[in-house]
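Give me a 3D structure for the following:
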Amino acid sequence: MTATGVIEAASATPISTRLSGTIRAVYCDIGTKVTAGRICAEIDPQPYRAAVEQAKADLALADVRLETARAVAARMEKRIERQRAEADHGALSKKTLDQSEAALSRARAQADREEASRALRRVRLSEAEERLAQTAVTVTVDGTVITREAKPGDTIRARDTPARLFTIATDLSVVEIVVTIHSSALRQPRIGSQVAFSVASLPGRAFSGVVEHVSRSTPDADHASTYRVVIEAFNPDLLLQPGMDATLMFSGQEVR
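Numbering: from 1, shown residues only. From the prediction side, this is the model:
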């Protein structure tokens, strides 16, 4: 019997983004050979560039506030030193000294809060800069682009789930074909059995693969089920490309 399936990459890596925005440009297409680090798309950076500038302004303000708080605490520390000497000589009441000590504690606490605020602003600037850098969508592996969802002008709304923009096949020397076959037409294929197949776009060429995985669905009300069969084929000449339609011929002993 015969069955049809689609050739897929045996090893592929999705290139996704968690950013939202408009795709400004796309530099890679299906079939493009890429190396890790190559920019394949660009998301409009303007909103993220503005966020970086705002984060820098916030950090600059936090720096000023911290410097001011530290200066206030430093002046109060010097005044306390003088007041302690005066108190030791009886020239200053204990109540006044206690009030000054309490004010110094408050000034130090304020300086600590400003320091924590500045640290937070630094983190936020770092995050904003990272998001800006991510507007240049880069591939993380060497390989070949086999799917492209990114289109110039499209709007991405990536929230909890990253938006996939490309898929990169890292090794096309081995491909897979996945077929679904009704159990009434075929006995369960054996792992390791050979399967011959042809490809319409490569007339006159014969190919073969090996059954790598078989799973059976739960029978329905009519006690019918299906097999999901994964065939692996070597592709040393890279003739077989993802997306090609393949017609598989199963051997007679597996046909019911």
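
C-alpha from now on. contacts and neighbour counts both.
Noted.

what are the ranges of the helices in the chain?
46-88, 94-133 (DSSP state H).

List the buried residues for the shortest one?
This means helix 94-133. 97, 100-101, 103-104, 107-108, 110-111, 114-115, 117-118, 121-122, 124-125, 128-129, 131-132 (16 or more other CA atoms under 10 Å).

That one packs against which elements?
On a contact count with 3 or more CA pairs under 8 Å, 6 or more residues apart in numbering; DSSP states H and E, helix 94-133 meets helix 46-88.

what's the angle from the helix it packs on to helix 94-133?
160 degrees (axes from the mean of the first three to the mean of the last three CA atoms, to 10 degrees).

State the mean pLDDT of helix 46-88.
What helix 46-88 shows for mean pLDDT is 94.

And that helix, what does it pack against?
helix 94-133.

Show the average pLDDT along the helix it packs on.
The average pLDDT within helix 94-133 is 94.

next one: stretch 216-234
On average, stretch 216-234 scores 77.

Over to stretch 179-198?
In this model, stretch 179-198 has an average pLDDT of 82.

what's next to it, contact-wise?
1, 3-6, 205-214, 224-231, 246-251, 254-256 (CA atoms under 8 Å, 6 or more residues apart in numbering).

if you set the cut-off to 6 Å instead, what comes out?
5, 206-212, 225-229, 246-250, 254-256 (CA atoms under 6 Å, 6 or more residues apart in numbering).

ditto for stretch 201-219
Contacts for stretch 201-219 (CA under 6 Å, 6+ apart): 191-198, 225-233.

burial of Thr226, as a residue count?
Around Thr226 there are 19 other residues, counting by other CA atoms under 10 Å.

what's the answer for Gly90, then?
10.

Please report how far it lies from Gln99.
As judged by CA to CA, to the nearest Å, Gly90 and Gln99 stand 16 Å apart.

returning to what we had before: pipe the helices of the chain into a markdown table and attach distance to Arg24 per row.
Below are those laid out as a markdown table (distance: least, CA to CA, whole Å):
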| stretch | distance to Arg24 |
| --- | --- |
| helix 46-88 | 11 |
| helix 94-133 | 14 |
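
just so I know, which of those lies nearest Thr17?
Thr17 lies closest, by CA to CA, to one member of the helices of the chain: helix 94-133, at 10.1 Å.

chain center to the closest one, what's the gap?
34 Å (CA atoms, centre = their mean, to the nearest Å).

cool, and stretch 35-46?
13 Å.

distance between the ends of it?
By CA to CA, the extent of stretch 35-46 from end to end equals 27 Å.

and Gly252, what pLDDT?
pLDDT, read off for Gly252, is 54.

Thr2 now?
pLDDT at Thr2 comes out at 84.

For it, the count of nearby residues, please.
Considering only other CA under 10 Å, Thr2 is surrounded by 13 other residues.

and the gap between it and Thr247?
Distance, Thr2 to Thr247, by CA to CA: 7 Å.

Buried members of the contacts of stretch 201-219 into ChimeraX, please.
For the buried members of those, the matching ChimeraX selection, counting by 16+ other CA under 10 Å, is:
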select :194,195,196,197,198,226,227,228,229,230,231,232,233
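
Which of the contacts of stretch 201-219 fall within strands?
Assignment to strands by DSSP state E places the following of the contacts of stretch 201-219 there: 194-198, 226-233.

Can you give me the first-to-last residue distance of stretch 150-170?
End-to-end span of stretch 150-170 (CA to CA): 19 Å.

Kindly apply the preceding question to stretch 19-29 instead.
21 Å.

what does stretch 25-33 give?
Stretch 25-33: ends 18 Å apart by CA to CA.

so how far is that stretch off the chain centroid?
Its chain's C-alpha centre and that of stretch 25-33 lie 19 Å apart, by CA atoms, centre = their mean.

Okay, buried residues for that stretch please.
Those would be 25-26, 28-29, 31, for stretch 25-33 by 16+ other CA under 10 Å.
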